[in-house]
Each structure stands twice: as structure tokens, then as C-alpha cells.
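Peer 1: Here's my sequence, what's the structure:
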Amino acid sequence: MRPATAEKLRANAATIHQLGHRYGLHSFALSAEPGELVATLDQGRSYFDVTGFETDLSSILGAAVEVVPRGPGVDVEETEPLGNLRGAA
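Peer 2: Got it, this is the predicted structure:
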């Protein structure tokens, strides 16, 4: 499966935010890497939540999506915040 494009991620921002809420992910931003999102992971959540989100969103979009949770020691370039005012998949 090919990585999701930035355009596809932007166009599906509402879906990303809704699904993220279920998995304890929020404050999404696009990364410099194709198909990669940066997000904040709620306390008490785990990488199982991150991988569940990635799997579900990749299935919905028909393109691979990876999430990099913000945190200590994480160095990833965020290119733009992902607003949630756009359409759904």
C-alpha cells in the first residue's frame, strides 16, 4: 500500500480527528514524510492505540498512514497543523 498523500490527509482531516478521539490521539500535524502524521497521545494510552489507529485509518483511506507520537526524544519535522474542518472519507 502506498503512503497517503498530504492532500488526502488534509481532505480527510475530520475523519482523522474523529478516529483519533477513539484512540486517544489529538493535535494532529502533517510530517515532512509522506503518509506520516504527528500527534499527541493521551496519558494512559499505548502504542497499541497508535497501531490500531494506523490500521483503521489506512483501511479507510486505502493508503498507508503512520503516526509519530510527540514526546521526549522524538525529533520529527511537523510541516503544518491538520485542521478538522475538512470533509470525511
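
Peer 1: if I read this right, Gly35 contacts Val65, doesn't it?
Peer 2: Yes - using C-beta atoms under 8 Å, Gly35 makes contact with Val65 at a distance of 5.5 Å. Glycine gets a C-beta too; all of them are placed from N, C-alpha and C.

Peer 1: Quick one: end-to-end length of stretch 58-72, please.
Peer 2: 26 Å (C-alpha to C-alpha, to the nearest Å).

Peer 1: residues contacting Ser58?
Peer 2: Met1, Ala4, Ala64, Val65 (C-beta atoms under 8 Å, 6 or more residues apart in numbering).

Peer 1: quick one, what contacts the residue most central in space within the chain?
Peer 2: A centroid search over the chain (C-alpha atoms, centre = their mean) returns Leu37, at 4.1 Å, as the residue closest to the centre. Neighbour list for Leu37: Leu9, Ile16, Phe28, Ala29, Leu30, Ser31, Val65, Glu66, Val67, Val68, Leu82 [criterion: C-beta under 8 Å, 6+ apart].

Peer 1: Of the residues you listed - the most surrounded one?
Peer 2: Greatest neighbour count in those, by other C-beta atoms under 10 Å, goes to Ile16: 28 neighbours.

Peer 1: Could you check the strand or helix carrying that residue and say which residues are buried?
Peer 2: In this assignment (DSSP states H and E), Ile16 forms part of helix 13-23. For helix 13-23, burial by neighbour count (16 or more other C-beta atoms under 10 Å) applies to Ala13, Thr15, Ile16, His17, Leu19, Gly20, Tyr23.
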